[in-house]
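>>> Have a look at this prediction, sequence included:
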Amino acid sequence: MTGVVIRSTGSWYEVRTDQGETISCRLKGVFRLDETRDTNPVTVGDRVTVSSEDGDWMITAIAERQNYIVRASPKHKGARQILAANLDQCLLIVTMANPRTSTGFIDRFLLTAEAYHIPTHIIFNKQDILDPKGLKKQQYTTDIYTHIGYPVHLVSTYTGQGIEELKELLTGKTTLVAGHSGVGKSSLLNKLDPALDLRTTDISRITGKGMHTTTFAEMHFTAFGGRIIDTPGVREFGLMHFLPEQISHYFVEMRPYIPQCRFNNCMHDNEPGCAVKQAYLDGHIAEERYINYLTMMADYKANYKHWEE
């Protein structure tokens, strides 16, 4: 039989078969990890073939992936974890307060999604808690992303703002939902479909940050016809699986200027004749995005350069 992986704990996998049955499976033999240092050979969203052997269900084959999205492994330094595969889109849930999501985190996620050709919508949650200062900061931030073509949605699980719009966006698609712990992913999904009944928790009073409620990525089938992959709260997205010369190509507003740089290997920092930096100086590239790009390049040099060797 064939089906889709809907949950993975690392050793056991739950598979929803094409006949609508959910079964627990293990991997048959040892699936060789590829040269990209992935920690998991099978992930949520994978299409797999399963068979019964001596009363146990085994995953015997994994279909080629349409796409996937990754993060730095939280347990294995220098390795990456595939969060999910075969996605139609991503929803990045962010908040301006309680907790605050930095544009640095947003840009790292967008870079990763761009690299794997996955459309992303940015969801600004918790509209009901923003004061005038927060609303002004949010407008400044949303303008950055709408200007370069990323769809932005303003929502609140408390008032219901934007919920029907999100339902329409999710219907008929497989969507990965990501964001820091505490931004309200589980509460938002419960608002979209109360039958999901996902566990939620409060922001830590000690750290002011969210506490994990989702331990493993899991696919949920909604009453309105969407397939949602809920993920654990993500602290950061590492860059070790990119080469430094690739990073600027995943900043969509930099792409038109890259061919105009004087040097083919321009890193868009202090090189003479850099069209990207000139575009930034001329106001065509947002300051925060350019600074985040330089920060990523510095982070690469400090932490990942040895992966080239």
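In hand now; what should we look at? Bear in mind that the values here come from a model prediction, so they are computed numbers and not experimental data.
>>> Average pLDDT for the helix or strand containing Ala84, rounded please.
According to DSSP states H and E, Ala84 maps onto strand 80-85. The average pLDDT within strand 80-85 is 86.
>>> Check which helices and strands that strand is in contact with.
Counting contacts by 3 or more C-beta pairs under 8 Å, 6 or more residues apart in numbering; DSSP states H and E, strand 80-85 is packed against strand 68-72, strand 174-178. Backbone N, C-alpha and C define where each C-beta goes, glycine included.
>>> How about the contacts made by the closest residue to Ala178 other than its chain neighbours?
Among residues not flanking Ala178 along the chain, Thr231 sits closest, at 5.1 Å (C-beta to C-beta, 6 or more residues apart in numbering). For Thr231, the contacting residues are Leu83, Ala84, Leu176, Val177, Ala178, Lys185, Thr214, Ala217, by C-beta atoms under 8 Å, 6 or more residues apart in numbering.
>>> quick one on the thing from earlier: can you name the element that comes right after the strand holding Ala84?
Using DSSP H and E, the helix or strand that follows strand 80-85 in sequence is strand 89-94.
>>> who does that next one touch, helix- and strand-wise?
Where contact means 3+ C-beta pairs under 8 Å, 6+ apart, strand 89-94 is packed against helix 103-115, strand 120-124, helix 163-170, strand 174-178.
>>> Could you pull out the buried residues of it?
Neighbour counts over strand 89-94 (16 or more other C-beta atoms under 10 Å) mark Gln89, Cys90, Leu91, Leu92, Ile93, Val94 as buried.
>>> what residue ranges in the stretch 51-200 of the chain score low on pLDDT?
Scanning the stretch 51-200 of the chain for pLDDT under 70 picks out 72-79, 200.
>>> What are the boundaries of the helices in the stretch 101-250 of the chain?
For the stretch 101-250 of the chain, the helices defined by DSSP state H, counting those that start in this stretch cover 103-115, 132-147, 163-170, 185-192, 244-247.
>>> how about these, which one is nearest Gly225?
Closest to Gly225 of these, according to C-beta to C-beta: helix 163-170, at 8.4 Å.
>>> got the angle between the closest one and strand 120-124?
Computed with axes from the mean of the first three to the mean of the last three C-alpha atoms, to 10 degrees, the direction of helix 163-170 lies at 170 degrees from that of strand 120-124.
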